[in-house]
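>>> Need coordinates for the following:
(2 chains, ligands or ions: 1)
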Amino acid sequence: MKQEEFPMLKEDYIYLDNGATTLKPQCVIDKIKEYYETYSANAHRGDYDLSYKVNQEYEGAREEIRKFIHAKEKEEVIFTSGTTESLNMIATGFFEKIIEPNDEILITKSEHASNVLPWFRLQNKCGAVVKYIPLDENHYVTLEEVKRAVTPQTKIIALAGITNVIGDERPIKEITKFAHEHNIFVVMDGAQSVPHRKTDVQDLDIDFLAFSGHKMCGPTGIGVLYGKRPLLEELDPINLGGGMNESFDNPNEIYYKELPHRLEAGTPNIAGAIGLGEAVRFLESIGMENIETYEKNLRKYAIDKFLSIPHVDLLNLEADGGILAFNIDGIFSQDVAYYLNKYKICVRAGNHCAKILKSEVGVTNSLRVSLYFYNTESDIDALVELLKDKGKIEKEML
Amino acid sequence: MDEELRRELIMVHYKEPEHKYRTDDPNYQKVNTRNASCIDNLDIYVKIKDHKIEDICFDGEACAISTSSTSIMIHNLIGKTIEEAKNFIENFENMLEEKEYDEEILKEANAYNEIYKQGNRKHCAYLPYEGIKKVLNEIEES
Ligand SMILES: Cc1ncc(COP(=O)(O)O)c(C=O)c1O
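I've put the predicted structure just below:
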């Protein structure tokens, strides 16, 4: 869908690394360009028309994103640099204050480093304990396993909505319902789910959500931290400075601004935020349900073709996201990626920032194809054609 | 070195790398070397006696270029004095950096004489050298 909107697709690349980042449509590029060319002033300082316009656009983007994730209030949408920063703000700014020794934090072995290391830090600093929810044979999280893993000490459950290696989708709504009955907070890493699914934070009832603009057709360096308002009110800003203070005279008399500005110190990534607002508008114009359906069908098409190649070891036959994780029998994943690169096909090789997953899947490295709505059946055909002939891979991989 | 020979050398040393095993022998110094931008991850074990490299072996997971390059390096460094080894490494570095180097010295390692054209694989070829340099430098310091 919408291939014609993406300038990068005119370069005859076949881009299959959308889990890492996505391509940008012309409208997002134009929106950013327009900011830099026609109203390039600072935000929050409406002393002249240009600056007023910046404010309108910046806050307009926030509202666009509020609608997109179905948050109750616009003040619950905080601009950050991305998922990683958002998760760190949640762990450090909110949980560090309230976590106590021996409190338990539940994650899984398929989380991305950004949803592991901030929690490890809480363990090392505050004596909390990070524990793993066991995964089932398809590497899925089930509500039953969550129930079994929860103890009276459990304080936080932090999970990706969809994981970046396996592409499994978690039953976040059910988990959250159970968690809240036991006074447990739920943090959702939405990096791989928000770009591909309708997200309704009120329906899911999650406490915090983190996601990145660049994985959903938006610019790099911009992302979102969502939190329920009463929780965000308690989240300490990590950065202090301009834009977030009301007034100050001395160290004892500092007054911060209200949300969302209290958590956005310094000149923000204005172009990024405005660009992300446009990306969200673009996605909405296609429809998130349509995107989800299209990707599921395309994945199914790809799986059927992959299963017909005997030397392809598919690691995630079952998955909900548009991700195929696999290896070519007897060939190191990176060598396959280099081979495909010769044909301008971009796929990822490696451990995909999920370094503790290897103990779970028993495979250290793999290839990953991650789809988005602008990928096509002919992209898959080209890939499959190149993977079919193992002799050719071995011959051309150097 | 012509294309065909280059390919063959790399493939032979990739498919059947020399000295690919780990050791617990305390006479070996172990060094880990990995590629930050990708996933190659090798442990190299070096045994040095009387200023001479008596043995090297390695283990780990790496791509065809890294694995073959390690095997070829080991094949060439065993038996060399530390000085000779350093000279070999320096020539290899010069080759990757497109500077002047002595082809005679590098022998099979000339198989990587065009790797500089593939920027993203240059580091794969260099990986084992990075590791061995660490060991040699540590020895000099002590
Ligand atoms: C599941 C998941 N979480 C977090 C991140 C980190 O996102 P970012 O690098 O944009 O902060 C990623 C990105 O790869 C991801 O896939």
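
>>> rest of the way, CA atoms for contacts and neighbours
Fine.

>>> all strands of chain B, in order?
Using DSSP state E, the strands of chain B run over B:28-34, B:41-49, B:52-61.

>>> Figure out which of the ones you listed is closest to A:D313.
strand B:52-61 (18.0 Å; Cα to Cα).

>>> angle of that closest one against strand B:28-34?
Comparing the axes of strand B:52-61 and strand B:28-34 via axes from the mean of the first three to the mean of the last three Cα atoms, to 10 degrees yields an angle of 40 degrees.

>>> so for strand B:52-61, what's the average pLDDT?
Strand B:52-61 shows an average pLDDT of 93 in the prediction.

>>> repeat for stretch A:301-310
On average, the pLDDT along stretch A:301-310 is 95.

>>> Now do the helix or strand hosting A:L122: which elements does it pack against?
Using DSSP states H and E, the element containing A:L122 is helix A:117-126. Here helix A:117-126 touches strand A:129-132, going by 3 or more Cα pairs under 8 Å, 6 or more residues apart in numbering or on different chains; DSSP states H and E.

>>> residues in contact with the strand it packs on?
With Cα atoms under 8 Å, 6 or more residues apart in numbering or on different chains as the test, strand A:129-132 has contacts from A:101-109, A:119-120, A:123, A:149.

>>> Tell me the strands beside it, with direction?
strand A:104-107 (parallel) (DSSP bridges).

>>> can you give me the offset of the strand it pairs with from its chain's centre?
20 Å (Cα atoms, centre = their mean, to the nearest Å).

>>> next one: stretch A:149-160
Worked out by Cα atoms, centre = their mean, stretch A:149-160 lies 21 Å from the chain centre.

>>> Pull out the buried residues from that stretch.
A:150, A:154-160 (16 or more other Cα atoms under 10 Å in any protein chain shown).

>>> now the strands of chain B as TSV including mean neighbour count and distance to B:L106?
Converted to TSV, the strands of chain B look like this (neighbours: other Cα atoms under 10 Å in any protein chain shown; distance: least, Cα to Cα, whole Å):
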stretch	mean neighbour count	distance to B:L106
strand B:28-34	19	21
strand B:41-49	21	20
strand B:52-61	19	17
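
>>> Put together JSON lines for these, with distance to B:E138 on each row.
As requested, the strands of chain B are arranged in JSON lines below (distance: least, Cα to Cα, whole Å):
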{"stretch": "strand B:28-34", "distance to B:E138": "10"}
{"stretch": "strand B:41-49", "distance to B:E138": "12"}
{"stretch": "strand B:52-61", "distance to B:E138": "14"}
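
>>> Quick check: residues of chain B near chain A?
Neighbours of chain A within chain B, by Cα under 8 Å from any Cα of the partner chain: B:7, B:38-39, B:62-65.

>>> quick check: mean pLDDT across stretch A:135-145?
Mean pLDDT, computed over stretch A:135-145, is 92.

>>> Is A:I303 located within a helix, as I assumed?
Yes - according to DSSP: H, G, I helix; E, B strand; the rest coil, A:I303 belongs to a helix.

>>> check contacts around it.
Per Cα under 8 Å, 6+ apart, neighbours of A:I303: A:317, A:324.

>>> State the distance from it to the ligand.
Using Cα to the nearest ligand atom, to the nearest Å, A:I303 is found at 21 Å from the ligand.

>>> Next: B:L5.
For B:L5, the distance to the ligand - Cα to the nearest ligand atom - is 40 Å.

>>> any idea how far the nearest residue to that residue once chain neighbours are set aside lies from B:M73?
Spatial nearest neighbour of B:L5, excluding adjacent residues (Cα to Cα, 6 or more residues apart in numbering or on different chains): B:A111 at 7.8 Å. B:A111 sits 11 Å away from B:M73, going by Cα to Cα, to the nearest Å.

>>> try A:A158
46 Å.

>>> Also A:H180?
For A:H180 relative to B:M73 (Cα to Cα), the value is 59 Å.

>>> likewise A:I184?
Noted for A:I184: a distance of 55 Å to B:M73, by Cα to Cα.

>>> for the stretch 101-250 of chain A, what spans make up the strands?
Per DSSP state E, counting those that start in this stretch, the stretch 101-250 of chain A carries strands over the ranges A:104-107, A:129-132, A:154-160, A:185-189, A:208-212, A:223-227, A:245-250.

>>> Now stretch B:81-88 - C-alpha only, CSV.
Only the C-alpha atoms of stretch B:81-88 are listed here, as CSV (Å, rounded to 0.1, in the frame of the first residue of the first chain):
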residue,chain,number,x,y,z
THR,B,81,58.6,-14.0,17.2
ILE,B,82,56.6,-11.2,18.7
GLU,B,83,58.5,-8.7,16.5
GLU,B,84,57.8,-10.7,13.4
ALA,B,85,54.1,-11.1,14.4
LYS,B,86,53.8,-7.3,14.9
ASN,B,87,55.3,-6.8,11.5
PHE,B,88,52.8,-9.2,9.9
